[in-house]
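Chemist: coords please:
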Amino acid sequence: MRRRKKRIFTRYIFVIAGIMFAVIFYALCIRSTVRESVNFNINSGDTVSSVARRLGAEKVVFSDMAFKFAIRIRGGRVQKGEYEIPAGASAWRIAGIFARGKIATVKIVIPEGLTILQIKDLLRGYSALSGDVDCRDWRAVCDVADGDVFPDTYYVARGTSRLAVLDLARKKMDEVKNKWLRTRRNPPAPLTGWNDVITLASIVQRETPRTSEMKIVASVYLNRLRRGMRLQADPTVIYAITDGYGDMKGAPLLRGHLKVDSPYNTYRNNGLPPAPIANVGSHAIRAVLEPADTKYLYFVADGRGGHKFSTDYETHLKNHADWREIKKMNNPDLNFDNQ
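Modeler: I've put the predicted structure just below:
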C-alpha cells in the first residue's frame, strides 16, 4: 500500500514538474508581444536591469523578469548597439540577440560607374546612416576622388556615419590597388601606371554595362592610344560639362558639348584625361589589364544594350547611321540634327 502511494506521489511530482517546465518554456521561448519588428538601442552603461525595465515598459517583452532570467542563462550581459528585434521574437531570442551583440545592419549597395558626387548623394539617401558626407577633419575621406572608391555591397551597423562607409569603400580600393602593385605587372602599352589603368577602366565602365563587352571596348581605346588617335569618349565630355557629377539627368549629349574646353574632353585633347571619371569595379579593371586582342578602332550603340565594333571609319559611319535610325524610331518627336 505504501509503495503504491509512493508511486502515485512520484507521478504527481513528475506531472507538476512537466507542467512547470512547459509553462517556463512557453513564457521564455515561445510567447512574444512583438507584433512587428522593433528598433532598440542599448547604450554604454546600460545594465541588464535597466534594459529589462525598458523592454517591459515598451511592451517588447511581456515580463522584465522573464527577460532577466533568460539573459542570466545566456551569460548575464548585454552588448551595446542598435538592434532590430524581429516580429514574433521571444524573451529567450531577444536575450540571445543582445548577448551575442547581433546589432542591426544596413545593406549599402554602391553600383559600379558612379562618381564621387553621385555616391555621396546615394549615401545621403540611406536614412539608417548618420552624419553628412561633406567633411572637414577626416582627411582620408575629405580628399577622396573619383577612382579611389570600390563599388561593392557593404554591410554596416545601423547608425554608422556616412563618412565611415565612404572610408570603408576607399580602403577596399586601396586593397585592390596594393594587390596589383605587389604583382609588379606592367599594364598594357601605352599605359604606365595605376592612374592610367583606373582612368581607362572608368571610361570603359561608363561606356558599357555589359561585362562581356568590356575587354573589347578596352581594346578599342588602347588601339586608338597606340595610333595617336583621340579617344573621343562621350562619357569624358559628360563628366566635363556636368562638373564631375557624371549624369545629364536625361538631357541629350549634343555636338556643341563636344567642344567644351576641359582637360577631360577627349574630343579636344590627345591621350587619357588627367584622372578617372568614375569609380570602377573589378570587371572594368580586369578588362584594361587583360584587353581583347582586336584591331577595332570604333564602336557605336546597337540599340539592344550592346555595341557594334568596326576597324574602319566607313563601316563605323554606317553603324552610326543605323543607330541614328533606331533612335528616331524610338523617339520620333525628337530632333537628332545636333546629336
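Chemist: ok, which stretches of the protein are strands?
Modeler: 38-42, 81-85, 105-109, 153-157, 298-301, 307-310 (DSSP state E).
Chemist: Dump those strands to TSV, plus distance to R185.
Modeler: (Each C-beta comes from the backbone N, C-alpha and C, glycine too.) Formatted as TSV, those follow (distance: least, Cβ to Cβ, whole Å):
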stretch	distance to R185
strand 38-42	48
strand 81-85	43
strand 105-109	30
strand 153-157	28
strand 298-301	27
strand 307-310	27
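Chemist: Quick one: closest of those strands to I216.
Modeler: Counting by Cβ to Cβ, I216 lies closest to strand 307-310 out of those; the figure is 6.2 Å.
Chemist: helices and strands around the closest one, which ones?
Modeler: helix 211-227, strand 298-301, helix 313-330 (3 or more Cβ pairs under 8 Å, 6 or more residues apart in numbering; DSSP states H and E).
Chemist: Show me the shaky parts of the stretch 51-200 of the chain.
Modeler: Along the stretch 51-200 of the chain, segments meeting pLDDT under 70 span 137-139.
Chemist: could you pull out the helices for it?
Modeler: With DSSP state H, counting those that start in this stretch as the criterion, the stretch 51-200 of the chain has helices at 64-73, 91-100, 116-124, 139-142, 162-183, 194-207.
Chemist: who's in contact with the third one?
Modeler: Surrounding helix 116-124, the residues in contact under the criterion Cβ atoms under 8 Å, 6 or more residues apart in numbering are 108, 110, 114, 129, 132-134, 144-146, 148-149, 162, 165-166, 169, 244-247, 279.
Chemist: What residues of that helix count as buried?
Modeler: Neighbour-count burial for helix 116-124 flags I116, L117, Q118, I119, K120, L122, L123 (criterion: 16 or more other Cβ atoms under 10 Å).
Chemist: got it, and the first one?
Modeler: Neighbour-count burial for helix 64-73, with 16+ other Cβ under 10 Å as criterion, is recorded at D64, A66, F67, K68, F69, A70, I71.
Chemist: what's it in contact with?
Modeler: 27-28, 48-49, 51-53, 55-56, 61, 77-78, 91-92, 94-95, 98-99.
Chemist: Now for the residue lying closest to A189 once chain neighbours are set aside, how many residues are close by?
Modeler: Spatial nearest neighbour of A189, chain neighbours left out: R226 (6.9 Å); criterion: Cβ to Cβ, 6 or more residues apart in numbering. A total of 11 residues lie near R226 under the criterion other Cβ atoms under 10 Å.
Chemist: Who are the contact partners of the residue nearest to I203 when sequence neighbours are not counted?
Modeler: What sits nearest to I203 in space, not counting adjacent residues and going by Cβ to Cβ, 6+ apart, is A233, at 5.0 Å. Applying Cβ under 8 Å, 6+ apart to A233 gives the contacts I203, R206, E207, Y221, T266.
Chemist: Can you add neighbour count, distance to V197 and pLDDT and give those residues back as CSV?
Modeler: Listed next are the contacts of A233 as CSV, based on neighbours: other Cβ atoms under 10 Å; distance: Cβ to Cβ, whole Å; pLDDT from 0 to 100:
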residue, neighbour count, distance to V197, pLDDT
I203, 26, 11, 98
R206, 24, 15, 97
E207, 22, 16, 96
Y221, 24, 12, 98
T266, 26, 17, 98
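Chemist: tell me which of those is nearest to R35?
Modeler: R206 (46.9 Å).
Chemist: Settle this for me: that closest one is touching G113, isn't it.
Modeler: Yes: with contact taken as Cβ atoms under 8 Å, R206 and G113 are classed as touching, separated by 5.6 Å.
Chemist: Give me the common contacts of the two.
Modeler: In contact with both R206 and G113: A278, using Cβ under 8 Å, 6+ apart.
Chemist: Any chance you could list what contacts stretch 38-58?
Modeler: 60-65, 67-68, 71-72, 76-85, 94, 98, 104, 158.
Chemist: Ok, stretch 247-267 next?
Modeler: Residues contacting stretch 247-267 (Cβ under 8 Å, 6+ apart): 115, 118, 230-234, 236-242, 268-269, 272-274, 277, 334, 338-339.
Chemist: Recalculate using a threshold of 7 Å.
Modeler: Stretch 247-267 has contacts (Cβ atoms under 7 Å, 6 or more residues apart in numbering) with 118, 230-234, 236-242, 269, 273-274, 277, 338-339.
Chemist: Just the CA trace of it, in PDB.
Modeler: C-alpha atoms of stretch 247-267 as PDB (Å, rounded to 0.1, in the frame of the first residue of the first chain):
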ATOM      1  CA  ASP A 247      24.900  62.400 -65.100                       C
ATOM      2  CA  MET A 248      23.000  64.700 -67.500                       C
ATOM      3  CA  LYS A 249      19.700  63.600 -66.000                       C
ATOM      4  CA  GLY A 250      18.100  62.600 -69.200                       C
ATOM      5  CA  ALA A 251      19.300  65.500 -71.400                       C
ATOM      6  CA  PRO A 252      20.900  64.500 -74.700                       C
ATOM      7  CA  LEU A 253      24.600  65.000 -75.500                       C
ATOM      8  CA  LEU A 254      24.800  67.500 -78.400                       C
ATOM      9  CA  ARG A 255      27.500  68.200 -80.900                       C
ATOM     10  CA  GLY A 256      28.200  71.600 -79.200                       C
ATOM     11  CA  HIS A 257      29.000  69.800 -76.000                       C
ATOM     12  CA  LEU A 258      32.000  68.100 -77.700                       C
ATOM     13  CA  LYS A 259      33.700  71.500 -78.000                       C
ATOM     14  CA  VAL A 260      33.800  72.100 -74.200                       C
ATOM     15  CA  ASP A 261      37.200  73.400 -73.000                       C
ATOM     16  CA  SER A 262      38.200  70.900 -70.400                       C
ATOM     17  CA  PRO A 263      41.200  68.600 -69.900                       C
ATOM     18  CA  TYR A 264      38.600  65.800 -69.600                       C
ATOM     19  CA  ASN A 265      37.300  66.300 -73.100                       C
ATOM     20  CA  THR A 266      38.900  63.600 -75.100                       C
ATOM     21  CA  TYR A 267      37.400  65.000 -78.300                       C
END
